[in-house]
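Trainee: model the structure of this input:
(2 chains)
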Amino acid sequence: MQRFQYLIVMALCVAVTLPLEFILNARVYRRPRRMFGALLPTVAAFVVWDMFAIRLGHWTFSPDYTTGWKVGNIPVEEITFFVVIPLCALLSFEAVSNILRDGWLATLRAGVLGRLMPAGRRSGGGTTGDSARSEELV
Amino acid sequence: MPWYSVMTLIAIALVVALELLVIRSGIFRMRAFWIALGICALFQIPVDGWLTKLSSTIVIYNPDVFAGVRIFFDSPIEDWGFGFALMTLALALWVRQGRGGDESPAVPDSALVTGGGAERD
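Mentor: Take a look at the predicted model:
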């Protein structure tokens, strides 16, 4: 079990941020094409850095707390990290954007009930796109 | 040679340049971006701390390659630069790809920091 520690930390990051997708209506997982479009180049870039850093001995991984499963010289935990951490950032960003644009109430309502407050009730800027947003599925 | 420190600075510069010159998502002008990064940086303390704490280290840094400044449970300070570059790249691409015809404006007015720090809402 110990050797799953790194992966468990990653799983916790996913679990802790998952409510943002629904309760705060982040809609990251529900826009998979856009999600992968953001993640793939990012993962690729950081995998290259990681590959060289590991080869050059900049960092190593505890055999006690990692699975030992590797892609090339890169532990699967590292690849998981490069997916999970940006995902947490995307979820946080979308949740914060929703709250800034629509306010807590409308954001929670959209997230929990799956619909938005009537347009007139929303405070501040957003005048367009809400209905388009709730329709959009990618 | 503090290669991790050097690479972190290069990564930050590359990502910032990429955003400003190529991706041009406008995230640096968005309040939501800075707030989200701040929240993520706070959560990085326990997560990164767990991975790098010296008592039972999971990710072991070669002491020759970083500046030697360890903060919050022994995490190298470079990790926050690494995290900034990692998250900023993903966010810039995400926002950029939201600019398709099938999506609301990626940069709603209310998400922007307006001149002089005056904000709507």
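
Trainee: tell me how far the residue nearest to the spatial centre of chain B lies from chain A.
Mentor: Closest residue to the average C-alpha location of chain B: B:F84 at 1.8 Å, with C-alpha atoms, centre = their mean. Counting by C-beta to the nearest C-beta, to the nearest Å, the separation of B:F84 from chain A is 10 Å. C-beta: built from backbone N, CA, C; applies to glycine.

Trainee: surely that residue is in contact with B:I12?
Mentor: Yes: contact between B:F84 and B:I12 holds when scored by C-beta atoms under 8 Å: they sit 6.1 Å apart.

Trainee: can you map out the helices along chain B?
Mentor: In chain order, chain B shows helices spanning B:3-17, B:31-52, B:78-97, with DSSP state H as the criterion.

Trainee: cool, chain A as well?
Mentor: If DSSP H is used as the criterion, the helices of chain A fall at A:5-22, A:32-55, A:76-113, A:130-135.

Trainee: in JSON lines: these, plus mean pLDDT.
Mentor: Supplementary listing: these in JSON lines, determined by pLDDT from 0 to 100:
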{"stretch": "helix A:5-22", "mean pLDDT": "96"}
{"stretch": "helix A:32-55", "mean pLDDT": "96"}
{"stretch": "helix A:76-113", "mean pLDDT": "95"}
{"stretch": "helix A:130-135", "mean pLDDT": "45"}
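
Trainee: so which of those is the most packed in?
Mentor: Stretch with highest mean neighbour count among those: helix A:76-113 (a mean of 21; mean count of other C-beta atoms under 10 Å in any protein chain shown).

Trainee: how about residue 72: what's its closest non-neighbour residue?
Mentor: Let's take chain A. Leaving aside its chain neighbours, A:G72 sits nearest to A:M51 (6.6 Å; criterion: C-beta to C-beta, 6 or more residues apart in numbering or on different chains).

Trainee: you answered for a different chain; I wanted chain B.
Mentor: B:I45 (4.6 Å).

Trainee: just checking, the one you found touches B:D79?
Mentor: No: counting by C-beta under 8 Å, B:I45 stays clear of B:D79, with 10.2 Å between them.

Trainee: from the centroid of chain A, which residue is nearest?
Mentor: The residue lying closest to the centre of chain A (C-alpha atoms, centre = their mean) is A:L87, at 1.7 Å.

Trainee: that one contacts A:L18, correct?
Mentor: No: no contact is recorded between A:L87 and A:L18 when judged using C-beta under 8 Å, the distance being 9.8 Å.

Trainee: buried residues in stretch B:50-59, which are they?
Mentor: Applying a neighbour-count criterion of 16 or more other C-beta atoms under 10 Å in any protein chain shown, the buried positions in stretch B:50-59 are B:50-52, B:57-59.

Trainee: now, which of those residues sits nearest chain A?
Mentor: B:I58 (4.4 Å; C-beta to the nearest C-beta).

Trainee: sweet, I'm off.
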